[in-house]
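Peer 1: predicted model follows, preceded by the sequence.
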Amino acid sequence: MEYLPNFQRHAITYSIMKTMTDDDLKEIGIHTLGARREILKQTDLYKMKTSDETKTLNMSESLTTSYVTPSAPEANIVLSDEITARVENECCICQDAMCSTIFLPCGHVCCCKTCSGSVMDCPLCRSNIHNRIQLHF
């Protein structure tokens, strides 16, 4: 850790460090032989570890990239790009009249004008009704 500023000052990245020699370490200001040897040893150990992990990763990728034939028959269903919304037009309370009231703040339209006056909470989400807007068709 005491030599970390030397690496920072010279903008030494891991890709540069992988190729550094004992003389390169001297040039960036690491003059202690034991420290240079330890740095080179740790760099070599890390290179070996990452190369083993890369080999393992490459082997697992080669195993998973093989194509598996699906066993189910091919579907002949053509999916439409259109989205069809289902709209309930009848009042959720009396189920006779058309929905004509927007409850605020939730924005649900689920009651007719007659039934909307008697409810204090939205029948769909149970939020408190602060205001009502009547729709005219």
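Peer 2: Now that the structure is in, tell me what you want to look at. Fair warning: this is a prediction, and the values are worked out from it, not measured in the lab.
Peer 1: show me where this structure has its strands.
Peer 2: Assigned by DSSP state E, the chain shows strands spanning 101-104, 109-111, 131-134.
Peer 1: okay, now residue 101: neighbour count?
Peer 2: Residue 101: 21 surrounding residues under other C-beta atoms under 10 Å. Glycine gets a C-beta too; all of them are placed from N, C-alpha and C.
Peer 1: equivalent analysis for residue 94, please.
Peer 2: 11.
Peer 1: and what of residue 38?
Peer 2: 13.
Peer 1: thinking again about what came up before, need the strands of the chain in TSV (columns: mean pLDDT).
Peer 2: Formatted as TSV, these follow (pLDDT from 0 to 100):
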stretch	mean pLDDT
strand 101-104	91
strand 109-111	90
strand 131-134	90
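Peer 1: buried deepest among these, which one?
Peer 2: strand 109-111 (a mean of 22; mean count of other C-beta atoms under 10 Å).
Peer 1: ok, that one: who's next to it in the sheet?
Peer 2: Partners of strand 109-111 in the sheet, by DSSP bridges, are strand 101-104 (antiparallel).
Peer 1: all helices for the chain, in order.
Peer 2: 4-9, 14-17, 22-27, 33-64, 113-116 (DSSP state H).
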